[in-house]
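Student: Pasted the sequence and its predicted model underneath.
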Amino acid sequence: MQLLQNTLQNIQGADMKTREQARKRIDALCKPPGSLGKLESIAVQLSGITGQLYPLVDKKVIIVCAADHGVCEEGVTTNPQDVTVFQTLNFPQGGTGVCAIANITNAKVVTVDVGVKEEIPHGAGVIINKIKYGTDNIAKGPAMSKEEAIQAIEVGIHVATEEIAKGANVLGTGEMGIGNTTPSAAILAVLTGCDPIEVTGFGAGVGNGGIAHKAAVIKKAIEVNQPDPQDGLDVLAKVGGLEIGAMTGIILGAAVHRKPVVIDGFISTIAALIAYKLEPKVKDYIIPSHASEEPGAKIAAALLGIEPMLHMNMRLGEGSGAALAFPILDAACSMMNNMVTLEEAMQLLAK
């Protein structure tokens, strides 16, 4: 609890002076004002995050948090839970979707077991920070205790801090956990007050009862647990997931160290919403990657007030969207570092 409290207390907002300097420089570059669109706003954000007029994000790390979900007992997915452990072991081997994309963006992928149902062997290349063997079934009671939710968040803070200490200057959030679109939709339904059917999607493979059954399970979970929508920690503990908590911690950890954090799709955005509930200033550090195909993703992004930069019809998760977005951040930095202003160009030509 102390790590979480200290982190929340030490998060500061973006450097507004450097943001303004970046905006003025971008407007003075050799191009029509606003002609590089979102690239310009990303560059301004990166300058505000880092406090550097000429930012650099060349040490990229995606942290994939893995955990299982007791709600799978309710038949919300067709995928067997052993896929979670299989894929968790596959990340260090480089065989997953996010790894394939990370390869071309020069990003490191780090995998953390925060709640996989089975034992992950030591020496498999996975960081073992297991809090419990999957969450409990949210249709019957809380996913975890408040203390376990705090532990999950603190795992994320700790791993993010370790990677930053090793040199990472931009983080990406990723996850692995069969059934995790169900708690994600449950969290969103609580925070918006909407009917679960509005935010419930196919996920990685909806169960035999279809989306209607999945939404009914979510509705039951909310009725059974009565999470307080004003208390992000209560919502996470009652209807959330361990990997959602860990990603929340990654976002908080990036913010306290003034590093940008690129979030993936639906589930990562839900973690960002929990982080925002705990400390609104984290929003300054969040860079959304892609618009997930999950129906709740657009609602979650709107609730947080962010706009994903990519529309690729993706819904894989794993941090794949974050990996794909990294080159755009590189381009924004290159714009700041390599383009010249009109005045500078005239001086160069005059030599």
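Tutor: Perfect, I can see it now. This one's a predicted model, so the numbers in the text were calculated from it and none came from an experiment.

Student: Could you list the low-pLDDT ranges of this protein?
Tutor: Scanning the chain for pLDDT under 70 picks out the ranges 202.

Student: The helix or strand harbouring residue 273 packs against which elements?
Tutor: If you go by DSSP states H and E, residue 273 is part of helix 266-278. The contact analysis (3 or more Cβ pairs under 8 Å, 6 or more residues apart in numbering; DSSP states H and E) places helix 266-278 against strand 170-176, helix 181-192, helix 232-239, helix 242-256, strand 261-263, strand 286-288, helix 295-304. C-beta coordinates here come from the backbone N, C-alpha and C atoms, glycine included.

Student: got the angle between the second one and helix 266-278?
Tutor: An angle of 40 degrees separates the directions of helix 181-192 and helix 266-278 when computed by axes from the mean of the first three to the mean of the last three Cα atoms, to 10 degrees.

Student: cool, the third one as well?
Tutor: Taking the same axes, to 10 degrees, one finds helix 232-239 and helix 266-278 inclined to each other by 140 degrees.

Student: Walk me through the domains of the chain.
Tutor: Domains of the chain are assigned by automatic domain parsing as 2-54+336-350, 60-328.

Student: about what we covered before: how about a markdown table for the helices and strands packed on helix 266-278, with distance to residue 218 and mean neighbour count added?
Tutor: Shown next, in a markdown table, are the helices and strands packed on helix 266-278 (distance: least, Cβ to Cβ, whole Å; neighbours: other Cβ atoms under 10 Å):
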| stretch | distance to residue 218 | mean neighbour count |
| --- | --- | --- |
| strand 170-176 | 18 | 32 |
| helix 181-192 | 5 | 28 |
| helix 232-239 | 8 | 25 |
| helix 242-256 | 14 | 32 |
| strand 261-263 | 22 | 29 |
| strand 286-288 | 24 | 24 |
| helix 295-304 | 10 | 21 |
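
Student: Let's have those in CSV, adding distance to residue 104.
Tutor: Converted to CSV, those look like this (distance: least, Cβ to Cβ, whole Å):
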stretch, distance to residue 104
strand 170-176, 14
helix 181-192, 27
helix 232-239, 34
helix 242-256, 23
strand 261-263, 16
strand 286-288, 19
helix 295-304, 24
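
Student: most packed of the domains of the chain?
Tutor: Comparing these by mean neighbour count (mean count of other Cβ atoms under 10 Å), domain 60-328 comes out on top with a mean of 23.

Student: Would you pull up how far that domain lies from the middle of the chain?
Tutor: Relative to its parent chain, domain 60-328 has a centroid offset of 7 Å by Cα atoms, centre = their mean, to the nearest Å.

Student: what bridges to the residue nearest to residue 306 when sequence neighbours are not counted?
Tutor: In space, and not counting its chain neighbours, residue 306 is closest to residue 288: 4.5 Å by Cβ to Cβ, 6 or more residues apart in numbering. Counting by DSSP bridges, residue 288 forms beta bridges with residue 263.

Student: how far away is residue 288 from residue 222?
Tutor: 26 Å (Cβ to Cβ, to the nearest Å).

Student: so what's residue 176 up against?
Tutor: 64-67, 84, 87-88, 91, 111, 243, 317-318 (Cβ atoms under 8 Å, 6 or more residues apart in numbering).

Student: what's next to stretch 228-238, contact-wise?
Tutor: 138, 142-146, 148-150, 152-153, 187, 190-191, 193, 225-227, 244-245, 248, 273-278.

Student: Give me the phi and psi angles of the closest residue to residue 15 other than its chain neighbours.
Tutor: With Cβ to Cβ, 6+ apart as the criterion, residue 15 has its nearest non-adjacent residue at 4.3 Å, and that residue is residue 51. Backbone geometry at residue 51, expressed as degrees, to the nearest 10, gives phi 70, psi 20.

Student: thinking again about what came up before, give the contact list for the residue nearest to residue 306.
Tutor: Counting by Cβ under 8 Å, 6+ apart, residue 288 has contacts 262-263, 269, 301, 306-309.

Student: Pipe the residues you listed into a markdown table and attach distance to residue 125 per row.
Tutor: Shown next, in a markdown table, are the contacts of residue 288 (distance: Cβ to Cβ, whole Å):
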| residue | distance to residue 125 |
| --- | --- |
| 262 | 22 |
| 263 | 24 |
| 269 | 27 |
| 301 | 32 |
| 306 | 32 |
| 307 | 35 |
| 308 | 30 |
| 309 | 31 |
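
Student: now, among the residues you listed, which is nearest to residue 9?
Tutor: In terms of Cβ to Cβ, no member of these lies closer to residue 9 than residue 263, at 22.9 Å.

Student: so what's the closest one up against?
Tutor: Counting by Cβ under 8 Å, 6+ apart, residue 263 makes contact with 172-173, 251, 269, 271-272, 286-289, 322.

Student: Do I have it right that residue 53 meets residue 47?
Tutor: Yes - the pair residue 53 and residue 47 qualifies as a contact (Cβ atoms under 8 Å) at a distance of 5.8 Å.
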